[in-house]
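Colleague: model the structure of this input:
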Amino acid sequence: MIAQRWHKLVFSASLAVITLSISAVCQTASSLQNKWLAVSVRRSDGSFEVRAEGLRDPVLSARVGAETNHKWIFSNEYSKHEVSESDFHDALGEGRQVTVSFIGVKGKPNLRYVLQLYNDRPYGGVKVQIENTEGQPLKIQSIRMIDAVGSPRVNLGGPEDADRVLSDSYSEDRPPLQIFDLGKAPVYLGRDEYGRDLSNLHLAVGSQLIYNRQSKVSLLLAALSSDRWLTIMHLRTASPGTAHISSYTVDSTGTTEIMKKESIRDDPASDQIELSVPLPPGKTISSEKLTFSVSKDYHAQLENYGEAIRLLNKARIPATAPWGWWSWTAYYFGLSQGTAVTNAEWLSEHFKDLGFDYFHIDEGYAYDDGEFLTPNATSWPDGLQSFGRHVCHLGLKFGMWVAPFRVGQKAWVYEKHKDWLVHNSQGKPIQIGFIDSSRGPIYVLDPTHPGAQEYLRRTFEILSRDWGARYFKLDFMDDTAIEGYRYRPDVTALGAQRMGLQIIRDAVGDDVLLDKDGSPMLNAVGLTELGRISADTGHSFAGTKEDAVGIAARYYMNNNFYAADPDAFTVARQLITDQIWRQSKTPLTLDEAEVSITLAAIAGGMFELGDDLPTLAADPDRVNLVRNRDLLEMVRLRRAAKPLDLMTYLPEDEQPSVFLLHEDKRQSMLVVFNWTESFRSHEFTVSELGMKENDSLVASDVLHQDRSVNFAQGTLRINDQTPHSVRVIKIVDNSIAPSNPVVKLEAPSHAQLGVPVHVSCVVDTSSVPVLAYNWDFGDGVSSQGPSADHAYTRNGVYKILLKVEGINAVSATQATSITILGTTQTTYDAEHSRRYKER
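Modeller: Numbering: from 1, shown residues only. So this is what the prediction gives:
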């Protein structure tokens, strides 16, 4: 039984009134309210409160502050503050805002915060500004958007020992994302490792969700931007193991606190540089914008947040996410030209027809980091350019791993241009560890330096245009995001990373896919089409289990931040004996292989196979697992499955285990993992799964057609599920007749000879979703995808035919005619000859 009946919180106009007591009104200088929330500014000290329907007391009361010249100042220390109200409008819509200014204290900058509520969205926002009114420059270390001052610090209407906390990580695996009950977070040792002892700190980067399992109320605080600062939440309890919040703060700050446990952990103090952003006299600097929401539907909170990120940051969501082969888990540093050719040829011959058409080579091909245009001749005697061409000749798309801001000690950048690197106050480049163990020192490229910018531009132009790479996995951007001395002193670590990513984006153009890997989750939004959402996988169940928490907790990022990259799935009985990380002493069982591929499928984004393919071919049952039609259709749907027990999983399940994907009105997929070492049982009512009970519901096992499903009287039971396994249950409502997708073909009726014609397909969102698009232009040329461009070479009337495929092989066809007129000039035309310029 699912531990909690999740609720969709719907407010009517009458219920939406959030009232304040008479005494509270008297103490309020200003207040705002929408259907979901009320915020108010206290007359006495200018602090603010957030209230929600159904809770008598504020959910959160907070002051703001800043660390300037290494000294903290807080809003309640000012004797005077001014309050004003106004309307605002942004990409999310319209609303009202309150501006509170703390002014008039000699020796202190003016402090200001803007508190916003949207008219038609269930959340608000806060942003803090510092104005330097003194005659001397200031150095800004942190800006505090939330410093909770209420008692209790967070009020969710239930006892604090019922609180469960989802703290997002600095990057997808630093640290590996885990969900903890309040007070039960272990000490994080750094470099992906937790200790045995408990900590009194729940540290989050980017977002933090606190859910009370008794009241079912949750608070979400989350960054809406990543222009300059890292957003860090410090949720502290009175002592380790104690479920009582003693303090709660949210800061816009630098990366050093995080990096002291990561890439600069072993560095001297001179290289662990605290961020200090210069603020000249008369200038103003702002924090990142923080959103807040309170709800009884935490899924809706997360999904609304994801949508807000997409709209505000102009996320680059690709029409399709890549499927293919990834070398890292198959070979690690050992991939060679010979083994790569064999795997590329096998992929082209056996899996390309399924859609696996990307071939990605990972770390190890380059002579050194920072010299990616120079292959390691020991492994690649013919170089990478010829190999990239061979991949293209096989009908595949070439993909490459690059750590764009890492520079190895053997690279020509380090040997010739140390001034292009991030350095300490003595001008010495800052080392961020080694490529492998204690071998291969690495340093950080400074993307604010003109020389480094030209190096990045040239590298990616050659890799994409000359070598033919159509996809780049951009790695270790978390380790390289260190504060330090740069060519431009006013640029932070995250600001420099965005500058570098913009240079890469411009160099490769819009037709090449960029994948954020090893990076803060928010900083790459709007610059990359794809993003890793969880830890690295490998040929071990333990690695898959750890990976699963991030995939569950970040499900809402798919198609909002970017298309999700869940890392490669592994299904072969492959053993790699000289690697200890993410490996097992025994091959994956078939059950564990099913877990790995299913976990990748429910992410709804990229689909990456990480096995040596001839090894996989030795097991036909595992090859058939990759060909499973239902799993492939789940991925083609491009929607992440919802983790039903994300914040309500039972202690016996250890972590979120139940996922639901509504594929259309007629069909759904229920996915239940057993991550434990014991047999587990679950039962689900039809209503819990969001369906109406009727006699026409039929359930079947997707992975084992001969396995019966216990489904009767509106209840589905999974009894004694085997450890390390997954059940994928297809539920079909036969009271709803199968239907075809409803689409509209958009194309011009006339076009000019030789001029590309743009055609597109518009899908009725209320109909069956479309999984594949196939175009026939009537002249022997075809194409795939939701849109296409085609130029005709002969005059005439042509029939454009579009065939779309939906779930379970249902299809629909649309056709239109186009008339082509014109002439092709075949004589020399010097008058209209123009020199091509790079765009």
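Colleague: and the helix or strand where residue 116 lies, which strands flank it?
Modeller: Residue 116 belongs to strand 110-118 when elements are defined using DSSP states H and E. In the sheet, strand 110-118 lines up against strand 93-102 (antiparallel), strand 124-131 (antiparallel) (DSSP bridges).
Colleague: residues in contact with the shortest one?
Modeller: In this structure, residues lying in contact with strand 124-131 by Cβ atoms under 8 Å, 6 or more residues apart in numbering are 32, 37, 39, 48, 50, 64, 66, 68, 95, 109-118, 138, 140, 143-146, 224, 252, 279, 283-293. (C-beta placed from N, C-alpha, C; glycine too.)
Colleague: next one: it to chain centre, how far?
Modeller: Taking Cα atoms, centre = their mean, to the nearest Å, one finds the center of strand 124-131 at 25 Å from the center of the full chain.
Colleague: ok, now the longest one?
Modeller: Computed by Cα atoms, centre = their mean, the separation of strand 93-102 from the middle of its chain amounts to 29 Å.
Colleague: going forward, the N-terminal residue is numbered 815.
Modeller: Done: numbering now begins at 815, and the last item shifts to strand 907-916.
Colleague: outside of that strand, which residues touch it?
Modeller: Strand 907-916 is contacted by residues 844, 846, 848, 853, 855, 860, 862, 889, 892, 894-903, 924-935, 938 when judged by Cβ under 8 Å, 6+ apart.
Colleague: residues of that strand that come out buried?
Modeller: Residues 909, 910, 911, 912, 913, 914, 915, 916 are the ones in strand 907-916 that count as buried (16 or more other Cβ atoms under 10 Å).
Colleague: which intervals of the stretch 1515-1653 of the chain have sub-threshold pLDDT?
Modeller: Residue ranges of the stretch 1515-1653 of the chain with pLDDT under 70: 1653.
Colleague: quick one, strands of it?
Modeller: 1524-1526, 1529-1535, 1539-1547, 1557-1560, 1564-1566, 1571-1577, 1586-1590, 1596-1598, 1601-1604, 1610-1619, 1625-1635 (DSSP state E, counting those that start in this stretch).
Colleague: the last one to strand 1571-1577, inter-axis angle?
Modeller: With axes from the mean of the first three to the mean of the last three Cα atoms, to 10 degrees as the basis, strand 1625-1635 and strand 1571-1577 are set at 160 degrees to each other.
Colleague: could you dump strand 1625-1635 to PDB, C-alpha only?
Modeller: In PDB, the C-alpha atoms belonging to strand 1625-1635 read as follows (Å, rounded to 0.1, in the frame of the first residue of the first chain):
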ATOM      1  CA  SER A1625      -0.900   5.500 -36.800                       C
ATOM      2  CA  ALA A1626      -2.400   8.400 -38.700                       C
ATOM      3  CA  THR A1627      -1.700   9.900 -42.100                       C
ATOM      4  CA  GLN A1628      -2.100  13.400 -43.400                       C
ATOM      5  CA  ALA A1629      -1.400  14.600 -46.900                       C
ATOM      6  CA  THR A1630      -1.300  17.900 -48.800                       C
ATOM      7  CA  SER A1631      -0.300  19.100 -52.300                       C
ATOM      8  CA  ILE A1632       2.400  21.600 -53.100                       C
ATOM      9  CA  THR A1633       3.000  23.400 -56.400                       C
ATOM     10  CA  ILE A1634       6.600  24.100 -57.300                       C
ATOM     11  CA  LEU A1635       7.300  26.800 -59.900                       C
END
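Colleague: name the helices or strands packed onto it?
Modeller: Judged by 3 or more Cβ pairs under 8 Å, 6 or more residues apart in numbering; DSSP states H and E, strand 1625-1635 is in contact with strand 1557-1560, strand 1564-1566, strand 1610-1619.
Colleague: returning to what we had before: out of the contacts of strand 907-916, which end up buried?
Modeller: The buried subset of the contacts of strand 907-916 - by 16+ other Cβ under 10 Å - is 844, 846, 848, 853, 855, 860, 862, 889, 892, 895, 902, 924-932, 935, 938.
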